[in-house]
Each structure stands twice: as C-alpha cells, then as structure tokens.
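Engineer: just coords:
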C-alpha cells in the first residue's frame, strides 16, 4: 500500500487571514437582513462593517460597496413600488422586491463566505 501525506477527502486549509476576510465580506451582506427588524438596518449594518474593515481587507471593501449599492437600489425600488400602490400594482411589486432582496442577500452571503466576489443583479452602482 502506498501512503500519502494528505487526505483527499479533506478540504484545503485556508489561512486565518482568508477566513477572516471572507467572514467580514459575508457580514457585509448578512447584516442587511437586520433591516427586517430595525428601520434602515439594511443600509446601516453593511455600512458599519464596510467602514470598519474596508482598509484592512480589499475583499471587504469590494463586497461592502456591492452590498450598500444593492440595499440602496432596493430602497429606491421600494419607494417606486409604494408610489405605484395608487394603481394597485405596487402591492405586488413591494412583495416581489422584498422576496428578491432577501433571496439575493442570502445568496451573496454564501458566495462571499466562499471567497467569491459576488455581483448583485439589478443593482445601481452609486458607490464606486
């Protein structure tokens, strides 16, 4: 039998720096879900993480901007939907935008934790 120095079933080890970087990038996205409980938490949460770690980790700078841009875009879409309530389509749009925001935020969080630089669809990139 031939012996090897590594086990093929184990995932490759990440350095502590990469794990921290990925964790904070994930938190940039996940803290947006605080908007479900706290008014404007969907913008304040990612903003706080981004401002704290943008100079330490380049990935957090990128993902923080992406998360903030998406949350600001969702806020704009919700305002437009609220205006359209007058013609009744706004109610359906608000629900659709809300579900879309939650699903995309969860997907972005998972991708960021894996180390992928995620880009949201339908995102207005105001912060560059």
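Structural biologist: All right, it came through fine. Bear in mind that the values here come from a model prediction, so they are computed numbers and not experimental data. Residues are numbered from 1 along each chain as shown.
Engineer: show me where the chain has helices.
Structural biologist: Applying DSSP state H to the chain gives helices spanning 16-30, 41-53, 58-83, 89-113.
Engineer: How about the backbone phi and psi for residue 121?
Structural biologist: phi -80, psi 160 (degrees, to the nearest 10).
Engineer: can you pull the contacts of it?
Structural biologist: Residue 121 sits next to residue 104 when contact means CB atoms under 8 Å, 6 or more residues apart in numbering. The way it works is simple: take the backbone N, C-alpha and C, and place the C-beta from them, glycine included.
Engineer: Next: the one 5 residues further on.
Structural biologist: Residues near residue 126 by CB under 8 Å, 6+ apart: 69, 72.
Engineer: Which of the helices and strands in this protein ranks last by mean pLDDT?
Structural biologist: Of all helical and strand segments in the chain, the minimum by mean pLDDT, DSSP states H and E falls on helix 16-30, at a mean of 87.
Engineer: Any chance you could list what contacts that helix?
Structural biologist: With contact meaning CB under 8 Å, 6+ apart, helix 16-30 is reached by 14, 45-46, 49-50, 53, 57, 59-60, 62-64, 66-67, 105, 108-110, 112-115, 118.
Engineer: same deal with stretch 87-99?
Structural biologist: With CB under 8 Å, 6+ apart, stretch 87-99 has contacts from 74, 77, 78, 80, 81, 82, 83, 84, 85.
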